[in-house]
Each structure stands twice: as structure tokens, then as C-alpha cells.
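**Student:** give me the fold of what follows.
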Amino acid sequence: MAVSVGAAQSYIEGVYGGPTEEVDYEYTLTTSATRVLSLDPERLAISLFNLGSNDVYLMFDELVSSSRGILVFPGGGFWGVNVRDDQTLPTREWYALTTTGASDVLMITTRRFALTGPAPLD
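**Tutor:** Have a look, this model is predicted:
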């Protein structure tokens, strides 16, 4: 008996040329730059939700700051990238911080399934 993967998964596999998987990350960010994603050439998309009450800033290196970062507003603010629209940005290493207090974030990534997983964080 054939197993159905569902319409959404079939579409994604067709667009990206193979099976994919979602990987979720949850962080409590502070005023110190934190690496939230390692370099991963198989990562196709990133969605980040700021669930906290403070601004979050993102950048693809550890020099992230409020004057050198992508702002994600508090209280459910959203930021996302994908390879179709943003070329290799999803594959990069990403850092994040807040400028005051702490903020919880949820990241959902989509990566093409590979025999090796994403690089572990330090």
C-alpha cells in the first residue's frame, strides 16, 4: 500500500528536487550575540517568530547589533527567507540578539534531506 506524503510535502519536494525535512529551534535571546543557525548548504528556508517582548536583530555574522541587523518586532514579529527569493541567504550562519532584556524566538527551517545533518551548534 502506498503512503501519501500530502499535497504540501509533494509540492515542496517537486520544487526543491527531493525529500525535505523541517527542523525547529527555540531560543531565549539576550543582549549577547548568539549563533542561532550554523552554515548548512542544504537549508532551503528559514522562518523566525519573535515571541518575546523585546526587539530582536539578526545578521549573518557575529557583528549583529541594533545598527547592523535585521529588525524583528516583538509580540509575534516575523522574518523569513527562502532560496527561491533570497538565493543563498538561508544557507548562511545566522546570529541574533536583543538590545534590552530577553526575548523568546521560534525558528522553523526547511532543509533538503541529506545523508548528513546540519552542523551542530557549539
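
**Student:** mind jotting down where the helices sit in the chain?
**Tutor:** For the chain, the helices defined by DSSP state H cover 7-16, 83-86.

**Student:** weakest of the ones you listed by average pLDDT?
**Tutor:** Looking over these, mean pLDDT reaches its minimum on helix 7-16, with a mean of 89.

**Student:** what is it packed up against?
**Tutor:** Packing partners of helix 7-16 (3 or more C-beta pairs under 8 Å, 6 or more residues apart in numbering; DSSP states H and E): strand 20-29. All C-beta atoms are positioned from the backbone trio N, CA, C, and that covers glycine.

**Student:** and the strand it packs on, which residues are buried?
**Tutor:** The neighbour-count check on strand 20-29 (16 or more other C-beta atoms under 10 Å) flags 20, 27, 29 as buried.

**Student:** closest one of those to Val83?
**Tutor:** Thr20 (11.5 Å; C-beta to C-beta).

**Student:** the closest one contacts Arg112, correct?
**Tutor:** Yes: contact criterion C-beta atoms under 8 Å: Thr20 and Arg112 qualify, at 5.4 Å.

**Student:** give me the common contacts of those two.
**Tutor:** The contact sets of Thr20 and Arg112 overlap at Leu44 (C-beta atoms under 8 Å, 6 or more residues apart in numbering).

**Student:** about what we covered before: now the helices of the chain in JSON lines, with distance to Arg35?
**Tutor:** JSON lines is the format used below for these (distance: least, C-beta to C-beta, whole Å):
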{"stretch": "helix 7-16", "distance to Arg35": "25"}
{"stretch": "helix 83-86", "distance to Arg35": "19"}
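
**Student:** in CSV: those helices, plus mean neighbour count and distance to Glu93.
**Tutor:** What follows is the helices of the chain, written out as CSV (neighbours: other C-beta atoms under 10 Å; distance: least, C-beta to C-beta, whole Å):
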stretch, mean neighbour count, distance to Glu93
helix 7-16, 13, 21
helix 83-86, 13, 15
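
**Student:** hang on, the earlier thing: identify, from the buried residues of strand 20-29, the entry nearest to Thr88.
**Tutor:** Using C-beta to C-beta, the buried residues of strand 20-29 come closest to Thr88 at Thr20, 16.9 Å.

**Student:** brilliant, that's me finished.
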